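Colleague: sequence-free structure coming up:
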C-alpha cells in the first residue's frame, strides 16, 4: 500500500510551499522541472482524496487530477512521460 502524500515528502522532493490566501486552499506546493511546472494543492473535489495536482507546459494546463498517495503522483508522472518521482 502506498503512503499518503505529506508536506515533508513534497518538500524533500524539491517542491516549495507558496501561500495563496484562499479559504479553501490556503497554500500550494510548486516545482519547476525541465519542461513542465507542477503544482500540488491541499484540496480536492473528491472526498476520498486530499490533493489536487496540476501540470503545465509552455502551452498551458495539460493535467488536472485529484490524488492521495505517492503512487497516484508517480503514476501520473509516468502517464505524462515526466521523469520525476516522489519517494515515500
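Modeller: Arrived safely, thanks for sending. Note that the coordinates shown come from a computational prediction; the quantities given were computed from them, not determined experimentally. Numbers count the residues shown, from 1 in each chain.
Colleague: how about the helices in the protein?
Modeller: 7-12, 70-79 (DSSP state H).
Colleague: in the shortest one, what's buried?
Modeller: Okay, so that is helix 7-12. Of all the residues in helix 7-12, those buried under the rule 16 or more other CB atoms under 10 Å are 9, 10. Just so you know, the C-beta spots here come from the backbone N, C-alpha and C atoms, and that holds for glycine as well.
Colleague: What mean pLDDT does that helix get?
Modeller: Averaging pLDDT along helix 7-12 yields 96.
Colleague: And the helices of the chain: which comes nearest residue 37?
Modeller: Relative to residue 37, the nearest member of the helices of the chain by CB to CB is helix 70-79, separated by 13.4 Å.
Colleague: List the buried residues of that closest one.
Modeller: 70, 71, 72, 73, 74, 76, 77.
Colleague: Please identify which of those is nearest to residue 64.
Modeller: residue 76 (10.2 Å).
Colleague: Who are the packing partners of the lowest-mean-pLDDT helix or strand in the chain?
Modeller: Sorting the helices and strands of the chain by mean pLDDT, DSSP states H and E puts strand 16-19 at the bottom, at a mean of 90. Packed against strand 16-19, as judged by 3 or more CB pairs under 8 Å, 6 or more residues apart in numbering; DSSP states H and E, are the following elements: helix 7-12, strand 27-32.
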